[in-house]
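In: need a structure here:
(chains A and B)
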Amino acid sequence: MRYTFAAMDSAAGTNARFQFASDQSLLIYFDEQVWQHRSPDPVGTGAGRSLQKQFTLEANENVRKLLRLLELEPVAGVRNLHPAYCSLLIKFDALRMRHDELEAILRKYLERLKEVRLPEPRRVEIAVCYGGEFGPDLAEVCTMRGMTEAQAIELHASVEYLVYFLGFVPGFAYLGELPKELVTPRLAAPRRRVPVGSVGIAGNQTGVYPFATPGGWRLLGRTPLRMFRADRDGLSLLSIGDCVRFTPIDAERFAVLEKQWA
Amino acid sequence: MGVIQVLEPGLFTTVQDLGREGYGPLGVSPSGAADALSLRMGNRLVGNAEGEAGLEMTLLGGTFAFPDGAFLIMAGSDFGATLDGKPVELWRAVEAKPGQVLRMGPTRAGARCYLCVHGGIASELFLGSAATHILSGLGGHNGRALQKGDVLKIGTHRWKRAGGWFASFRKREWMLSPRVMKILEPRKVLRVTDGPQSDWFAEGSKEVFHASGYRVAEDSNRMGIRLQGPAIQASASGEMISEGVALGAIQVPEGGMPIILFVEQQTTGGYPKIANVISADLHHLGQLRPRDEIRFERVDLGHARGLLRIQEMQLAGDSWHRGQRG
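Out: Now for the predicted structure:
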């Protein structure tokens, strides 16, 4: 009866490790050996390390592939899925199956990951009004990294980001990878309330707060877009695997769009 | 269709059912009743399906009027309910006549009391569930806690026909079996399995965690139950990359004060988890009050599964007695 998780092994070329998380959930980690022995984070938070040094893009792709396969061909008894950078938490009906039974089923899924075709990534543009009251940490980030606000804005808006996963709160997309010139640790003391739509950075990640929540990311600007709406098909503006670009707008445009999208 | 008028909402009263599972990929946690077992059993005793929506009250109950009457029950903790001044016993279904007023006060025991009505609370479903998700302002009654003046609709049960199944159900007095009452008894020693990062913690830290009492902090809520007590230090490599987190996971942030992730939990997190409350004990979390002292007892996975299995068998079996009403 006692579930002892198997040692790391290779399921048809996919480096996956299974680990029980609770009596009704199982975690799968991908490509763990690639990143787990890397040197400690120089900035002081896990998020400060280069994301690529913490996990591989391939690991995140495997997460997305397994998620897709489990959505296309659901396993009876599986109740919820929590994807992340390089892992997937699977919650299941513990009255219906044991961890080892679920693991056996999932191993068959893992063997088929290579044949899973991920959908073409959607390209989403997010309008951002940078600085001022919308981006209270922009000035400090510039001081820390020795650049002007214009340079920081240009950098943040210069690259296309991948949605690694949605997590934390509804519609919160973890985006990466931030240009290395902008990498800064998160705030030592998190804000009790980050305004809705705030665009922040932490380590090499960036993201948009879909709701007013506590948060420790450094805020560069704000978007008038609603990131999560109950009345929208798909609910969340962003989905796992999307490609995102930020477009700078001024305060007047922000006000116009805010009205338009309210 | 009957209604419930909210004369006083109480401290924090929300519409809850058993939550919405399956939306983790969108970052949406299930939400749902904090003490799911009390809601399930309350629903049974008024002739509902177990997952019907009810009202979850926290620490201080509300005052509700039933202009068209209702068949109702109080489940969970005793909030001293009265119907037009007459005490209403916990776990006993009663008939509210049209115009009668149900009044509750502060809790006399645990943290949460449920009001279940026959037919359930009819609110618009969000992702298949009536559960209120406070952080995102979605689900339940306009995505928020109830306010004075709110009017809630009571659902129409498909069996609500004169002389039908429900009429005969209502003639009898249903009550929970002693075995089920025992399951619902408050429990302050919570059983836990190891968390996914248990081995990140030094043996000494784990001993402290399992041997110490922890106090429930004032700022605990449906997202997380914050604990105060001996600090637990993760080992030097205490840095991790965010991953999915399970209901009842006990995470240890930098300060060393554990937090139990609860029904409106974040779906992913980056703190190491030392342990996880077992499924059979999750409902007890919903009855913890600020300043309650709790402890943790370590069990292995097989034991945890067995306890859940036995508990659900007892709930499914002789969970309720029947006798002639009044």
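
In: which residue ranges of the stretch 151-300 of chain B form helices?
Out: B:165-171, B:178-184, B:203-211, B:282-285 (DSSP state H, counting those that start in this stretch).

In: and the first one, how far from the chain's centre?
Out: Think helix B:165-171. Remark: helix B:165-171 is offset 27 Å from the chain centroid, using Cα atoms, centre = their mean, to the nearest Å.

In: in that helix, what's buried?
Out: Residues B:F166, B:F169, B:R170 are the ones in helix B:165-171 that count as buried (16 or more other Cβ atoms under 10 Å in any protein chain shown). Glycine gets a C-beta too; all of them are placed from N, C-alpha and C.

In: rewinding a little: with distance to B:A49 and mean pLDDT added, can I get the helices of the stretch 151-300 of chain B in JSON lines?
Out: Below are the helices of the stretch 151-300 of chain B laid out as JSON lines (distance: least, Cβ to Cβ, whole Å; pLDDT from 0 to 100):
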{"stretch": "helix B:165-171", "distance to B:A49": "13", "mean pLDDT": "78"}
{"stretch": "helix B:178-184", "distance to B:A49": "17", "mean pLDDT": "93"}
{"stretch": "helix B:203-211", "distance to B:A49": "39", "mean pLDDT": "95"}
{"stretch": "helix B:282-285", "distance to B:A49": "18", "mean pLDDT": "98"}
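
In: quick one, which of those helices gets closest to chain A.
Out: helix B:282-285 (9.4 Å; Cβ to the nearest Cβ).

In: could you count how many residues lie near A:E73?
Out: Using other Cβ atoms under 10 Å in any protein chain shown, the number of residues around A:E73 comes to 9.

In: give me every residue in the stretch 151-262 of chain A lying close to chain B.
Out: Neighbours of chain B within the stretch 151-262 of chain A, by Cβ under 8 Å from any Cβ of the partner chain: A:165-172, A:174, A:210-211, A:213, A:228, A:230, A:235-236, A:240.

In: could you flag which of these are buried?
Out: A:165-172, A:174, A:210-211, A:213, A:228, A:235-236, A:240.

In: quick one, longest helix in chain A?
Out: Criterion DSSP state H: the longest helix present in chain A is helix A:57-72.

In: give the next helix or strand downstream of that helix.
Out: Past helix A:57-72, further along toward the C-terminus, the next helix or strand under DSSP states H and E is strand A:78-83.

In: relative to that next one, what are the paired strands and their orientations?
Out: strand A:87-92 (antiparallel) (DSSP bridges).

In: give me the contact list for the partner strand.
Out: A:21, A:24-30, A:63, A:66-67, A:70, A:75, A:77-82, A:102, A:106, B:21, B:24, B:243-247 (Cβ atoms under 8 Å, 6 or more residues apart in numbering or on different chains).

In: same check on stretch B:215-232?
Out: So stretch B:215-232 is contacted by B:31, B:34, B:134-135, B:201, B:205, B:208-209, B:212-214, B:252, B:255-266, B:274, B:285, B:288-294 (Cβ under 8 Å, 6+ apart).

In: show me the two of the buried ones among the residues of the stretch 151-262 of chain A next to chain B that sit farthest apart.
Out: The two members of these with the most space between them (Cβ to Cβ) are A:T213 and A:I240, at 20.0 Å.

In: these two touch, right, B:T267 and A:S25?
Out: No. Using Cβ atoms under 8 Å, B:T267 makes no contact with A:S25, being 11.8 Å away.

In: what sits in contact with each of those two?
Out: B:G244.
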